[in-house]
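# no letters, just coordinates:
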C-alpha cells in the first residue's frame, strides 16, 4: 500500500504537538488563517468537481441511458439488457464515478493542505524569531523548530511522492486525451458532451495547478526565513545567539521542494511547462486534422 492510515494519522498528529503546536494567541490566529485558506481551496476544488460530476450524470442520462447504453464499458457475467438490471448497472456506474471523484478530491486536498500547514509552521517560526530580543532563551527552540519543519516536510514528501507522481501522470494523460477530442470537435458541435469534456479538463488542470501552486508557495516560504532574520535587530545579540541565527539562515538557503517520485518538481515552472506542452500538442493535432 502506498498510503497507510496509521502513517497519515501520525503525520497529522505531529502538528498537534510541540514545537508545531501554537503556544499563544497570535500563533493560534496564524494557524486559523491557514486553516481557512485550506478550507476555501478545498471547497472551491470540490465544487468544481461536483459540477463536473453532475454534468456527466445529466449527459449520461440524456445520451446513454435513453439509448440503452452504459456510460462506461464494462464486462459483467450476466445479461444487463433487462430494464431493471440495466437501471441498477447504470446507477452503479454513476455512484462509483461520484465516489471516485470524491476520493480524489479528498486525497488532493489532504496533500495540498499539508503543504499549507508546513507554510504555516514557517510563519509561526518567523513570529517566534521576532521575540528573540526579549526572550533570548527561546532561540534554541527556534533552531530545533526550523530543523523539525525540514524533517517533517521530508517525511510528507516521502509518504506521498508516489501518489503525487501517479496523480500527475494520470492527469497529464487525461488532459492530452481531452485535447485530442477537443481538436476533433467543431464549434458548431457544441452539446452536453463538449461542456462535460471542458469541465473535466478544467478539473484535471486544477488538480495539477493546486499541487504546483502550493509547492511553489512552500519553496518561497522556506527561503523567506533568512529575510525575516535580517529584519530583526540581531546586532544586539551575543555571539552565541548570532551563531544560532546563522544556522537557521544557512539551512534556509536550501529551499524545500516537493517532488513527485524525483520526476517532477511541484512549482509554477512545472505547471507552465505542462501548459506549453499541452498547447503545442493541441496545435499539432489541429493542423493534422486540417491537412
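It's in. Fair warning: this is a prediction, and the values are worked out from it, not measured in the lab. Numbering: from 1, shown residues only.
# check contacts around residue 147.
Neighbour list for residue 147: residue 251 [criterion: C-beta atoms under 8 Å, 6 or more residues apart in numbering]. C-beta: built from backbone N, CA, C; applies to glycine.
# okay, and it sits in which element?
helix 139-183 (DSSP states H and E).
# show me what whichever strand or helix holds residue 250 is packed against.
Assigned by DSSP H and E, residue 250 belongs to helix 239-252. If contacts are counted by 3 or more C-beta pairs under 8 Å, 6 or more residues apart in numbering; DSSP states H and E, helix 239-252 sits against helix 139-183, helix 192-230.
# the first one versus helix 239-252: what angle between them?
Okay, so that is helix 139-183. 10 degrees (axes from the mean of the first three to the mean of the last three C-alpha atoms, to 10 degrees).
# pLDDT on helix 139-183, on average?
Mean pLDDT, computed over helix 139-183, is 84.
# tell me the angle of it relative to helix 192-230?
Note on geometry: by the same axes, to 10 degrees, helix 139-183 and helix 192-230 are set 160 degrees apart in direction.
# chain center to stretch 120-129, what's the gap?
With C-alpha atoms, centre = their mean, to the nearest Å as the basis, stretch 120-129 stands 22 Å off its chain's centre.
# kindly report the same for stretch 158-178.
On C-alpha atoms, centre = their mean, the centre of stretch 158-178 falls 11 Å from that of its chain.
# which neighbouring elements make contact with the longest helix anywhere in the chain?
The helix spanning the most residues in the chain, taking DSSP state H as the definition, is helix 83-129. Helices and strands touching helix 83-129, by 3+ C-beta pairs under 8 Å, 6+ apart, are helix 25-60, helix 139-183, helix 192-230.
# now find how far off-centre the helix holding residue 250 is within its chain.
For helix 239-252, the distance to the chain centre is 32 Å (C-alpha atoms, centre = their mean).
# ok and that helix relative to helix 83-129, angle-wise?
With the same axes, to 10 degrees as the basis, helix 239-252 and helix 83-129 are set at 150 degrees to each other.
# could I get the average pLDDT for helix 239-252?
Mean predicted confidence for helix 239-252 is 80.
# following it, which helix or strand shows up next?
Counting by DSSP H and E, what follows helix 239-252 is strand 259-260.
# past that next one, which element shows up next along the chain?
strand 264-265.
# who's in contact with that following strand?
165, 168, 215, 257, 258, 259, 270.
# these, buried ones only, as a ChimeraX selection?
In ChimeraX, this line selects whichever of the contacts of strand 264-265 come out buried by 16 or more other C-beta atoms under 10 Å:
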select :165,168,215,258,259,270
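# before we move on, back to that, looking at the helices and strands packed on helix 239-252, which is nearest to residue 18?
helix 139-183 (8.5 Å; C-beta to C-beta).
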